[in-house]
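# Need the 3D shape of this:
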Amino acid sequence: MDFKKIWRVTNVYSVMIAALVVIAAYNIYTFGLSNLPQMFAIIFISAALDAVIIRIKDKHFMFPKSAIITGLILSLIIQGNLFLVILIPIIAILSKHIIKLRGHHIFNPANFGLLAGLFVPVSESWWGTSNIILVGVLGIIIIHKLRRMRQAFAFLGIHVILIAVMSGSIGQIISHISSGLVLFFAFYMFIEPITSPVKPKGKIFFGLITGVLGALLYVIWLPGMLIGALFLADLVVPFLNKVRNVKTQEVNA
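Numbering: from 1, shown residues only. Predicted coordinates:
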């Protein structure tokens, strides 16, 4: 079996879904089945709503891989009353189809849903991101496949440095990173292809901008630290792309 060929032809969205399913399975095994119904509800709502909207708009069915990823990400972060929790994937998917520029959504859907969730009584505990080794190893595979290593590490580098400087505590920065939250954000959310810059230098600047904003919000608004930073940084992406009417293509190996 030619594993290199299989790796080349495997779609990056399939790789990300597989990684997120592994993380979800680990956390269900670790913490029990109590979160499983909620996870299924979030993923189902995300996928079904996206598929229906595409069917209505484009008159054809498309398997909603990106929406499944959005649902998996959200299901590993939010907890709470089921009727309130399912509002978050609905908001996330609607933002993808409504808030658009030149045919592409502006905001990372999962992040937009989480931002809205900060104003809804649900818990954004990032409960499924606690195993930093699992999150980190699978995350490295994803950013390598997606060719977003510079973008992710530009964010991580400047963010960690600024947090260390502002906190003045090595213990504080170790605690900040070891939770797995920051790595999950960097390797699974921040690198979303459609809302990232097109050009290599733009990706690096995007990482630096998000990292700086995240560090500032760490002091100003801790609950919205990473979510708010990415929301604001997404607004800068059209300027980083520079050339108008650039169409972002789906990334394939």
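# residue closest to the middle of the protein?
residue 189 (1.6 Å; Cα atoms, centre = their mean).
# Surely it touches residue 110?
Yes: contact criterion Cβ atoms under 8 Å: residue 189 and residue 110 qualify, at 5.8 Å. The way it works is simple: take the backbone N, C-alpha and C, and place the C-beta from them, glycine included.
# who touches both of those two?
Common neighbours of residue 189 and residue 110, counting by Cβ atoms under 8 Å, 6 or more residues apart in numbering, are residue 73.
# circling back: what sits against the residue nearest to the centre of the chain?
Contacts of residue 189 by Cβ under 8 Å, 6+ apart are 73, 108, 110, 111, 230.
# Recalculate using a threshold of 10 Å.
Shown in contact with residue 189 (Cβ atoms under 10 Å, 6 or more residues apart in numbering): 69-70, 73-74, 77, 108-111, 114, 226-227, 230.
# Identify those among the residues you listed that sit within helices.
Residues of the contacts of residue 189 located in helices (DSSP state H): 69, 70, 73, 74, 109, 110, 111, 114, 226, 227, 230.
# Now do the third one against residue 183, distance only.
Residue 73 sits 13 Å away from residue 183, going by Cβ to Cβ, to the nearest Å.
# Kindly report the same for the second one.
Here the distance between residue 70 and residue 183 works out to 19 Å (Cβ to Cβ).
# shouldn't residue 91 be in contact with residue 118?
No: taking Cβ atoms under 10 Å as the definition, residue 91 is not a contact partner of residue 118, at 11.4 Å.
# Pretty sure residue 142 sits against residue 14.
No: here residue 142 lies out of contact with residue 14, judged by Cβ under 10 Å, at a distance of 11.0 Å.
# Give me the contacts around stretch 168-176.
159, 160, 161, 162, 163, 164, 165, 166, 167, 182, 218, 225.
# circling back: more neighbours: residue 142 and residue 14, which one.
Taking neighbours as other Cβ atoms under 10 Å, residue 142 and residue 14 compare with residue 142 leading, 19 against 13.
# show me what contacts that one?
12, 15, 16, 18, 19, 20, 148, 152, 187, 188, 191.
# farthest pair in these?
For the contacts of residue 142, the maximum inter-member distance is 18.6 Å, found between 18 and 152 (Cβ to Cβ).
# out of those two, which sits in the more crowded spot?
residue 152 (24 against 14).
# could the ones in helices among the contacts of residue 189 go into TSV alongside pLDDT, neighbour count and distance to residue 4?
Formatted as TSV, those follow (pLDDT from 0 to 100; neighbours: other Cβ atoms under 10 Å; distance: Cβ to Cβ, whole Å):
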residue	pLDDT	neighbour count	distance to residue 4
69	98	24	25
70	98	29	30
73	98	31	29
74	98	27	33
109	97	30	32
110	98	29	31
111	98	27	33
114	97	28	36
226	96	26	35
227	97	26	37
230	98	28	33
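# still on that earlier bit, write the PyMOL selection for whichever of the contacts of stretch 168-176 are buried.
Buried subset of these, written as a PyMOL selection, criterion 16 or more other Cβ atoms under 10 Å:
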select buried, resi 159+160+162+163+164+167+182+218+225
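# one step back: so which of the contacts of residue 142 is the closest to residue 134?
residue 19 (9.2 Å).
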